[in-house]
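Colleague: take this sequence and fold it.
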Amino acid sequence: METIADILTELLLKRQLLSGGWSFLGSRQSSVEATSLAVLALGLDTEDARRSGIAHLLSAQRADGSWPAFLGDSEGSWATALALCTLNTTGDLAAAREKALRWLDAERGREGHWFWRWKFKTVDRNVRFDPDKYGWPWIPGSASWVIPTAFSVIAIKQFTVCNRSEASEKRIHLGVDMLLDRACIDGGWNSGNSVVYGVPLRAHVEATAISLLALQDEPRSELTQRSLVWLKKEADSVDSVSSLAWCILSLFVYQESVEALKNRLATIMGDGREVRNNATLATALLALKCGEMIHPFVVLR
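Modeller: Residues are numbered from 1 along each chain as shown. You can find the predicted model right below:
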């Protein structure tokens with residue numbers, strides 16, 4: 001009997017571009033995010049599509065080791081971390097992964113520059129955070145954001161688990177410190193800062209789920225526990241496909257029961273045709289297969 005995962009796999013395969021990649025919404029321009037998630041979701045049972053997707057990622061890697069957000073863009077982006085997570089699952093392709101690691105080790109939000117640290121400490125007091133604790137931006141030259149930082153921490157931890165360099169250790173610690181510093185007062189994470197103009201911001205589901213994935217091997221702090229409790233509570237009512245899928249992927253890593261959430265996601269998805277965003281489709285497929293395949297965002301201790 002065909003399962004919902006089988007149906008979504010077939011749909012994802014039909015949406016693969018001739019180039020081997022996947023676009024976001026049916027265009028001819030491939031997205032590194034959508035392609036990376038699709039390759040992870042398809043796994044080993046669709047080897048030809050997976051192999052062509054990886055080949056597409058390798059061809060899209062820039063000379064400096066980064067990946068653009070979309071094929072044809074002129075600069076690297078946060079998607080480098082997600083592409084590295086994808087290549088980490090292959091266990092080989094060391095040269096490409098080494099280049100990506102060097103780029104991630106060197107890349108930083110603009111708080112990493114002394115001028116911006118001075119500005120945030122002395123002039124711009126509208127946001128509350130410690131600029132000495134910086135992570136990664138969406139694109140070079142902008143400030144650190146939660147989701148790019150979380151994915152970068154995961155990617156570096158995965159690749160360097162058996163051989164961490166001083167540079168990688170420093171970037172991991174800075175990224176983790178940034179996430180802890182910018183957590184919301186009641187737990188969880190917003191997309192960026194936790195307080196703006198003196199007003200505490202509410203946490204976002206996806207930012208919280210992905211941040212918890214980045215912190216999975218860190219000591220279980222009161223903040224982590226509070227954020228986990230917040231995410232579990234939100235997961236019971238969230239109806240966004242993408243948000244629910246990330247809840248499942250994160251809660252599973254923390255050994256929480258996700259079967260009821262998976263059943264609800266399957267019901268929301270139906271045959272998947274209403275989900276036009278291929279990154280969302282792939283994330284949902286990953287969540288539905290959670291526990292049946294190697295988790296692509298697990299960090300080994």
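Colleague: now do the contacts for residue 183.
Modeller: The contact partners of residue 183, by Cβ atoms under 8 Å, 6 or more residues apart in numbering, come to 189, 194, 211, 223, 227. In short, each C-beta sits where N, CA and C put it, glycine included.
Colleague: contact partners for the fourth one?
Modeller: Spelled out, it's residue 223. Per Cβ under 8 Å, 6+ apart, neighbours of residue 223: 180, 183, 187.
Colleague: now do residue 40
Modeller: 85-86, 89, 282, 286, 296.
Colleague: who wins for most neighbours among those?
Modeller: Tallying neighbours with other Cβ atoms under 10 Å puts residue 282 at the head of the contacts of residue 40, with 27 neighbours.
Colleague: and what about it, helix, strand or coil?
Modeller: helix (DSSP: H, G, I helix; E, B strand; the rest coil).
Colleague: also residue 91?
Modeller: Secondary structure, three-state DSSP: residue 91 is coil.
Colleague: next one: phi and psi at it?
Modeller: phi 80, psi 0 (degrees, to the nearest 10).
Colleague: gap between it and residue 141?
Modeller: Shown here: residue 91 relative to residue 141, a distance of 34 Å by Cβ to Cβ, to the nearest Å.
Colleague: take the contacts of residue 223 and keep only those in helices.
Modeller: Secondary structure defined by DSSP state H assigns residue 180 of the contacts of residue 223 to helices.
Colleague: redo the contacts of residue 223 as TSV? Include pLDDT and distance to residue 234.
Modeller: Shown next, in TSV, are the contacts of residue 223 (pLDDT from 0 to 100; distance: Cβ to Cβ, whole Å):
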residue	pLDDT	distance to residue 234
180	94	20
183	91	15
187	90	10
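Colleague: now, which of the contacts of residue 223 sits nearest residue 236?
Modeller: Nearest to residue 236 among these is residue 187, at 15.5 Å by Cβ to Cβ.
Colleague: phi, psi for the closest one please.
Modeller: The phi/psi pair for residue 187 (degrees, to the nearest 10) is phi 100, psi 160.
Colleague: repeat for residue 76
Modeller: Torsion angles, degrees, to the nearest 10, at residue 76: phi -70, psi 170.
Colleague: same thing with residue 50?
Modeller: The phi/psi pair for residue 50 (degrees, to the nearest 10) is phi -60, psi -40.
Colleague: that one is in contact with residue 36, isn't it?
Modeller: No. Applying Cβ atoms under 8 Å, one finds residue 50 not in contact with residue 36, separated by 11.5 Å.
Colleague: who's more crowded, the two?
Modeller: residue 36 (29 against 21).
Colleague: by mean pLDDT, flag the weakest helix or strand of the chain.
Modeller: Comparing every helix and strand of the chain by mean pLDDT, DSSP states H and E singles out helix 114-122 as the least confident one, with a mean of 49.
Colleague: C-terminal to that one, what's the next element?
Modeller: Counting by DSSP states H and E, the element after helix 114-122 in chain order, helix or strand, is helix 146-159.
Colleague: same question for that following helix, mean pLDDT?
Modeller: When pLDDT is averaged over helix 146-159, the result is 97.
Colleague: output the contacting helices and strands for that helix.
Modeller: On a contact count with 3 or more Cβ pairs under 8 Å, 6 or more residues apart in numbering; DSSP states H and E, helix 146-159 meets helix 79-88, helix 94-106, helix 166-181, helix 205-214.
Colleague: roughly how far out does it sit from the chain middle?
Modeller: Remark: helix 146-159 is offset 7 Å from the chain centroid, using Cα atoms, centre = their mean, to the nearest Å.
Colleague: go on, stretch 231-251?
Modeller: So, by Cα atoms, centre = their mean, the centroid of stretch 231-251 is 15 Å from its chain's centroid.
Colleague: next up, the contacts around the residue nearest in space to the middle of the chain.
Modeller: In the chain, the centroid-proximal residue (Cα atoms, centre = their mean) is residue 151; its distance is 4.2 Å. Neighbouring residues of residue 151 by Cβ under 8 Å, 6+ apart: 78, 81-82, 85, 210, 214.
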